[in-house]
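S.K.: Take this sequence and fold it.
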Amino acid sequence: MNPALIALIVVGALLLLYIVGTYNGLIKRKVRCEEGWSDIDVQLKRRYNLIPNLIETVKGYATHEKEVFTEVTKARTAAMDNSGTPGEQAKTENMLTGALKSLFAVAENYPKLQANQNFLDLQQQLAETEDKIQASRRFYNGTVRDFNTALQVFPKNIIAGMFAFKKREFFEVENEEERKNVKVEF
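M.R.: Numbering: from 1, shown residues only. Model prediction:
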(Lines give C-alpha, C1' and ligand atoms only; values in the text may rest on other atoms or scores of the structure.)
Protein backbone atom coordinates (compact mmCIF):
# COMPACT_ATOMS: atom_id res chain seq x y z
CA MET A 1 0.00 0.00 0.00
CA ASN A 2 1.16 3.50 -0.83
CA PRO A 3 2.59 5.39 2.23
CA ALA A 4 1.03 8.66 1.00
CA LEU A 5 -2.42 7.02 0.93
CA ILE A 6 -1.93 5.66 4.46
CA ALA A 7 -0.85 9.09 5.68
CA LEU A 8 -3.90 10.66 4.02
CA ILE A 9 -6.22 8.11 5.65
CA VAL A 10 -4.61 8.70 9.06
CA VAL A 11 -4.88 12.49 8.70
CA GLY A 12 -8.50 12.14 7.54
CA ALA A 13 -9.33 9.87 10.49
CA LEU A 14 -7.67 12.28 12.95
CA LEU A 15 -9.56 15.21 11.44
CA LEU A 16 -12.83 13.29 11.67
CA LEU A 17 -12.11 12.40 15.32
CA TYR A 18 -11.33 16.05 16.06
CA ILE A 19 -14.59 17.20 14.46
CA VAL A 20 -16.62 14.58 16.34
CA GLY A 21 -14.90 15.44 19.63
CA THR A 22 -15.40 19.17 19.14
CA TYR A 23 -19.05 18.69 18.16
CA ASN A 24 -19.70 16.53 21.23
CA GLY A 25 -17.96 19.10 23.44
CA LEU A 26 -20.16 21.88 22.07
CA ILE A 27 -23.27 19.75 22.61
CA LYS A 28 -22.24 19.15 26.25
CA ARG A 29 -21.80 22.90 26.79
CA LYS A 30 -25.14 23.62 25.14
CA VAL A 31 -26.85 21.11 27.42
CA ARG A 32 -25.18 22.73 30.45
CA CYS A 33 -26.64 26.07 29.35
CA GLU A 34 -30.08 24.47 29.12
CA GLU A 35 -29.59 22.93 32.55
CA GLY A 36 -28.65 26.32 33.95
CA TRP A 37 -31.74 27.92 32.45
CA SER A 38 -33.88 25.10 33.87
CA ASP A 39 -32.44 25.78 37.35
CA ILE A 40 -33.44 29.44 37.03
CA ASP A 41 -36.90 28.42 35.85
CA VAL A 42 -37.42 26.11 38.86
CA GLN A 43 -36.48 28.86 41.32
CA LEU A 44 -38.66 31.43 39.55
CA LYS A 45 -41.64 29.06 39.77
CA ARG A 46 -40.96 28.64 43.48
CA ARG A 47 -40.99 32.43 43.82
CA TYR A 48 -44.25 32.67 41.85
CA ASN A 49 -45.87 30.15 44.19
CA LEU A 50 -44.83 32.09 47.31
CA ILE A 51 -46.13 35.45 46.13
CA PRO A 52 -49.91 34.77 46.39
CA ASN A 53 -49.49 33.59 49.99
CA LEU A 54 -47.45 36.68 50.78
CA ILE A 55 -50.07 38.96 49.19
CA GLU A 56 -52.89 37.29 51.14
CA THR A 57 -51.02 37.67 54.41
CA VAL A 58 -50.33 41.37 53.79
CA LYS A 59 -53.93 41.94 52.58
CA GLY A 60 -55.22 40.89 55.98
CA TYR A 61 -53.43 43.85 57.55
CA ALA A 62 -53.33 46.41 54.75
CA THR A 63 -56.74 46.24 53.10
CA HIS A 64 -56.57 49.74 51.60
CA GLU A 65 -53.33 49.10 49.65
CA LYS A 66 -55.13 47.62 46.62
CA GLU A 67 -52.96 49.20 43.95
CA VAL A 68 -49.81 47.60 45.39
CA PHE A 69 -51.48 44.17 45.37
CA THR A 70 -52.65 44.72 41.80
CA GLU A 71 -49.16 45.79 40.72
CA VAL A 72 -47.56 42.70 42.29
CA THR A 73 -50.19 40.41 40.76
CA LYS A 74 -49.75 41.94 37.29
CA ALA A 75 -45.96 41.69 37.52
CA ARG A 76 -46.20 38.06 38.69
CA THR A 77 -48.55 37.19 35.82
CA ALA A 78 -46.30 38.90 33.27
CA ALA A 79 -43.26 37.05 34.59
CA MET A 80 -45.05 33.69 34.61
CA ASP A 81 -46.38 34.18 31.08
CA ASN A 82 -43.00 35.20 29.65
CA SER A 83 -41.21 32.29 28.04
CA GLY A 84 -39.02 34.39 25.77
CA THR A 85 -35.29 34.92 25.69
CA PRO A 86 -33.27 35.30 28.88
CA GLY A 87 -33.18 39.07 28.23
CA GLU A 88 -36.98 39.29 27.97
CA GLN A 89 -37.37 37.09 31.04
CA ALA A 90 -34.94 39.29 32.96
CA LYS A 91 -37.05 42.39 32.19
CA THR A 92 -40.23 40.84 33.59
CA GLU A 93 -38.33 39.48 36.59
CA ASN A 94 -36.96 42.96 37.31
CA MET A 95 -40.51 44.36 37.20
CA LEU A 96 -41.63 41.68 39.65
CA THR A 97 -38.71 42.42 41.96
CA GLY A 98 -39.66 46.11 41.97
CA ALA A 99 -43.29 45.27 42.73
CA LEU A 100 -42.23 43.03 45.61
CA LYS A 101 -40.09 45.84 47.02
CA SER A 102 -43.16 48.08 47.12
CA LEU A 103 -45.13 45.29 48.83
CA PHE A 104 -42.48 45.02 51.53
CA ALA A 105 -42.43 48.81 51.86
CA VAL A 106 -46.17 48.70 52.56
CA ALA A 107 -45.63 45.89 55.07
CA GLU A 108 -43.17 48.07 57.00
CA ASN A 109 -46.06 50.40 57.88
CA TYR A 110 -47.85 47.65 59.80
CA PRO A 111 -46.01 46.58 62.99
CA LYS A 112 -48.48 43.78 63.72
CA LEU A 113 -47.85 42.36 60.26
CA GLN A 114 -44.08 42.55 60.86
CA ALA A 115 -44.61 40.42 63.98
CA ASN A 116 -46.89 37.88 62.23
CA GLN A 117 -45.10 34.50 62.12
CA ASN A 118 -46.72 33.50 58.82
CA PHE A 119 -45.49 36.74 57.21
CA LEU A 120 -42.01 36.26 58.65
CA ASP A 121 -41.87 32.67 57.37
CA LEU A 122 -42.99 33.71 53.89
CA GLN A 123 -40.52 36.59 53.88
CA GLN A 124 -37.72 34.19 54.89
CA GLN A 125 -38.69 31.67 52.19
CA LEU A 126 -38.79 34.43 49.59
CA ALA A 127 -35.35 35.67 50.67
CA GLU A 128 -33.96 32.12 50.40
CA THR A 129 -35.55 31.76 46.97
CA GLU A 130 -34.02 35.06 45.83
CA ASP A 131 -30.61 33.76 46.93
CA LYS A 132 -31.17 30.55 44.96
CA ILE A 133 -32.24 32.54 41.91
CA GLN A 134 -29.02 34.56 42.12
CA ALA A 135 -26.95 31.39 42.41
CA SER A 136 -28.80 29.88 39.44
CA ARG A 137 -28.22 33.05 37.41
CA ARG A 138 -24.50 32.91 38.16
CA PHE A 139 -24.34 29.24 37.15
CA TYR A 140 -26.30 29.89 33.96
CA ASN A 141 -24.21 32.92 33.01
CA GLY A 142 -21.02 30.92 33.65
CA THR A 143 -22.15 28.13 31.35
CA VAL A 144 -23.21 30.67 28.72
CA ARG A 145 -19.80 32.34 28.96
CA ASP A 146 -18.02 29.01 28.46
CA PHE A 147 -20.31 28.02 25.57
CA ASN A 148 -20.02 31.38 23.81
CA THR A 149 -16.25 31.36 24.23
CA ALA A 150 -16.04 27.87 22.75
CA LEU A 151 -18.07 29.05 19.76
CA GLN A 152 -15.67 31.90 19.07
CA VAL A 153 -12.21 30.33 19.45
CA PHE A 154 -10.36 28.94 16.46
CA PRO A 155 -10.76 26.22 15.13
CA LYS A 156 -13.93 25.39 17.10
CA ASN A 157 -15.64 28.39 15.51
CA ILE A 158 -15.39 26.67 12.11
CA ILE A 159 -17.04 23.50 13.42
CA ALA A 160 -19.64 25.51 15.34
CA GLY A 161 -20.46 27.37 12.12
CA MET A 162 -20.73 24.13 10.17
CA PHE A 163 -23.33 22.82 12.62
CA ALA A 164 -25.12 26.19 13.11
CA PHE A 165 -24.47 26.59 16.84
CA LYS A 166 -25.73 29.99 18.03
CA LYS A 167 -24.49 32.19 20.86
CA ARG A 168 -26.60 32.20 24.02
CA GLU A 169 -27.91 35.31 25.74
CA PHE A 170 -26.84 36.15 29.30
CA PHE A 171 -29.42 36.66 32.05
CA GLU A 172 -28.50 40.18 33.12
CA VAL A 173 -29.78 42.85 35.47
CA GLU A 174 -31.66 45.47 33.48
CA ASN A 175 -32.47 47.77 36.38
CA GLU A 176 -29.62 50.26 36.77
CA GLU A 177 -30.71 50.93 40.37
CA GLU A 178 -29.69 47.38 41.30
CA ARG A 179 -26.14 48.03 40.02
CA LYS A 180 -25.54 51.04 42.28
CA ASN A 181 -23.81 50.81 45.64
CA VAL A 182 -26.10 50.63 48.62
CA LYS A 183 -26.07 53.82 50.68
CA VAL A 184 -26.19 53.15 54.41
CA GLU A 185 -27.00 55.96 56.83
CA PHE A 186 -27.23 55.88 60.61
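
S.K.: which secondary structure elements does the lowest-mean-pLDDT helix or strand in the chain contact?
M.R.: Least confident helix or strand, the chain: helix 111-115 with a mean of 80, by mean pLDDT, DSSP states H and E. Contact partners of helix 111-115 among helices and strands, from 3 or more CB pairs under 8 Å, 6 or more residues apart in numbering; DSSP states H and E: none. Bear in mind the C-beta positions are built from the backbone N, C-alpha and C, glycine included.

S.K.: again, 10 Å this time
M.R.: If you count contacts as 3 or more CB pairs under 10 Å, 6 or more residues apart in numbering; DSSP states H and E, helix 111-115 packs onto helix 86-107, helix 117-152.

S.K.: Give me the buried positions along that helix.
M.R.: Leu113 (16 or more other CB atoms under 10 Å).

S.K.: from the helices and strands packed on helix 111-115, which stretch is densest packed?
M.R.: helix 86-107 (a mean of 18; mean count of other CB atoms under 10 Å).

S.K.: tell me the average confidence for it?
M.R.: For helix 86-107, mean pLDDT is 87.

S.K.: what about it, distance to the chain center?
M.R.: 14 Å (CA atoms, centre = their mean, to the nearest Å).

S.K.: how big is the angle separating the helix ranked longest in the chain from helix 86-107?
M.R.: Longest helix of the chain, by residue count under DSSP state H: helix 3-59. With axes from the mean of the first three to the mean of the last three CA atoms, to 10 degrees applied, the angle from helix 3-59 to helix 86-107 works out at 20 degrees.

S.K.: Use 53 as the first number for this chain going forward.
M.R.: Happy to do that; since the first residue is 53 now, the last one works out to helix 55-111.

S.K.: heading toward the C-terminus, what's the first helix or strand past helix 55-111?
M.R.: Downstream of helix 55-111, the next assigned helix or strand under DSSP states H and E is helix 118-133.

S.K.: so where is this protein shaky, pLDDT-wise?
M.R.: 225-238 (pLDDT under 70).

S.K.: tell me the contacts of the residue of the chain most remote from its centre?
M.R.: Taking CA atoms, centre = their mean, the residue of the chain most remote from its mean C-alpha position is Met53, at 57.9 Å. Counting by CB atoms under 10 Å, 6 or more residues apart in numbering, Met53 touches Ile61.

S.K.: and the gap between it and Gln175?
M.R.: 77 Å (CB to CB, to the nearest Å).

S.K.: Ala130 contacts Met147, doesn't it?
M.R.: Yes. Counting by CB atoms under 10 Å, Met147 is a contact partner of Ala130 at 6.5 Å.

S.K.: Make sure Thr195 is actually in contact with Val83.
M.R.: Yes. Applying CB under 10 Å as the test, Thr195 and Val83 come out as touching, 9.2 Å apart.
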